[in-house]
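Trainee: output the structure for:
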Amino acid sequence: MQITSAALLISIALVVFGIAYYYFTTRHKERMAIIENKLSSDTFKGTENYLPFILLLSTMSIGISAGIMAGMAIISLGFTTNDYVMPACIFLFLGLGLLTGYFLLKPKG
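Mentor: Residues are numbered from 1 along each chain as shown. Next comes the predicted model:
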């Protein structure tokens, strides 16, 4: 059991390292291409707006909590005793939360 968990931790660390390495090398190549084309270095100083990301995270959190509450309500009211009700409700409401976030972030027009 301990060997399996160690192998899992090592594989997760390798995946994270691989993704970070790919991200940083790609970003470096893009910046070098911009510099070679003699474009402005102000391109690297982008103003980032995190509000859409925060809105999406909030709608996802609301969807997950609503799914947990709906699943617990269905089980406690005795409509069904199946084990699949809780994950189904969580994923259903998570999808509804993502859909709500999409419609809130969709450009008007």
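Trainee: residues contacting residue 100?
Mentor: Residue 100 makes contacts with 59, 63, as judged by Cβ atoms under 8 Å, 6 or more residues apart in numbering. In short, each C-beta sits where N, CA and C put it, glycine included.
Trainee: I'd like the distance between it and residue 51.
Mentor: For residue 100, the distance to residue 51 equals 16 Å [Cβ to Cβ, to the nearest Å].
Trainee: next one: residue 10
Mentor: For residue 10 relative to residue 51 (Cβ to Cβ), the value is 37 Å.
Trainee: burial count for residue 93?
Mentor: Counted with other Cβ atoms under 10 Å, the neighbours of residue 93 add up to 21.
Trainee: what strand or helix carries the closest residue to it other than its chain neighbours?
Mentor: Excluding the flanking residues, the one nearest residue 93 by Cβ to Cβ, 6 or more residues apart in numbering is residue 67, at 3.3 Å. Here residue 67 sits within helix 51-76, counting by DSSP states H and E.
Trainee: and that helix, how far out from the chain's middle?
Mentor: Remark: helix 51-76 is offset 14 Å from the chain centroid, using Cα atoms, centre = their mean, to the nearest Å.
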